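Undergrad: heads up, no residue letters with this:
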């Protein structure tokens with residue numbers, strides 16, 4: 001600050017934890033992408049859990065925004081280069097903040113995150129097979145996930161666990177021989193996030 005020419009620094013000290021959480025939640029609105037937002041939400045979640053894990057998860061909707069951020073946050077904790085963008089619409093549609101206490105709800109998010117990560121391994125395998133066949137596109141992951149997503153054809157919203165299980169089964173049976181460059185060209189959409 002001295003190098004910038006400042007003569008003083010103004011600080012606002014707020015000892016009230018509730019107000020501090022609100023300020024932190026407002027700061028997370030500045031997260032630039034899904035990964036940053038999800039990691040910020042899971043950090044807030046773990047802090048809330050350490051403070052008082054008996055309160056219902058739904059009570060913290062202002063801080064957490066949506067349940068999908070918690071599940072994706074767990075995924076990004078495990079694999080920082082995880083490409084959660086292709087799974088976010090599915091999670092956002094089917095997950096809601098629970099009425100259970102935080103300490104029970106986090107276990108649900110961790111279970112779902114494990115299912116998403118398992119599905120991601122299957123999707124990676126299909127993408128690799130498509131690349132081995134000479135199909136190159138920045139949309140391969142999005143294409144595969146869209147093809148195995150059952151929500152495209154159904155009106156009701158099944159439990160998330162059932163959808164992830166169905167997607168995993170479809171990924172395991174995905175016939176790469178039936179895919180051609182025209183199929184990829186019609187898919188379009190934003191390029192996949194880079195994953196390792």
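TA: Noted; the coordinates are in hand. Computed from a predicted model, the values in this text were never measured in an experiment.

Undergrad: from now on I want contacts and neighbour counts done on CA atoms only, so please keep to that.
TA: OK.

Undergrad: following the chain past the helix or strand of the chain with the lowest mean pLDDT, name the next helix or strand.
TA: Scoring the helices and strands of the chain by mean pLDDT, DSSP states H and E places helix 17-28 at the bottom, with a mean of 64. Going down the chain from helix 17-28, the next helix or strand is helix 34-51, by DSSP states H and E.

Undergrad: list the buried residues in that next one.
TA: 34-35, 37-46, 48-49 (16 or more other C-alpha atoms under 10 Å).

Undergrad: how many neighbours does residue 92 have?
TA: 14 (other C-alpha atoms under 10 Å).

Undergrad: swap that for residue 13, sorry
TA: Residues contacting residue 13 under the criterion other C-alpha under 10 Å number 7.

Undergrad: just send the buried residues of helix 34-51 back as a markdown table, with distance to residue 159 too.
TA: Shown next, in a markdown table, are these (distance: C-alpha to C-alpha, whole Å):
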| residue | distance to residue 159 |
| --- | --- |
| 34 | 23 |
| 35 | 24 |
| 37 | 24 |
| 38 | 22 |
| 39 | 24 |
| 40 | 26 |
| 41 | 23 |
| 42 | 22 |
| 43 | 26 |
| 44 | 26 |
| 45 | 23 |
| 46 | 25 |
| 48 | 26 |
| 49 | 25 |
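
Undergrad: need the residues you listed in a markdown table (columns: distance to residue 81 and pLDDT).
TA: Formatted as a markdown table, the buried residues of helix 34-51 follow (distance: C-alpha to C-alpha, whole Å; pLDDT from 0 to 100):
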| residue | distance to residue 81 | pLDDT |
| --- | --- | --- |
| 34 | 12 | 93 |
| 35 | 9 | 94 |
| 37 | 14 | 90 |
| 38 | 13 | 94 |
| 39 | 12 | 94 |
| 40 | 15 | 90 |
| 41 | 17 | 92 |
| 42 | 16 | 95 |
| 43 | 17 | 92 |
| 44 | 20 | 90 |
| 45 | 21 | 94 |
| 46 | 21 | 94 |
| 48 | 25 | 91 |
| 49 | 25 | 92 |
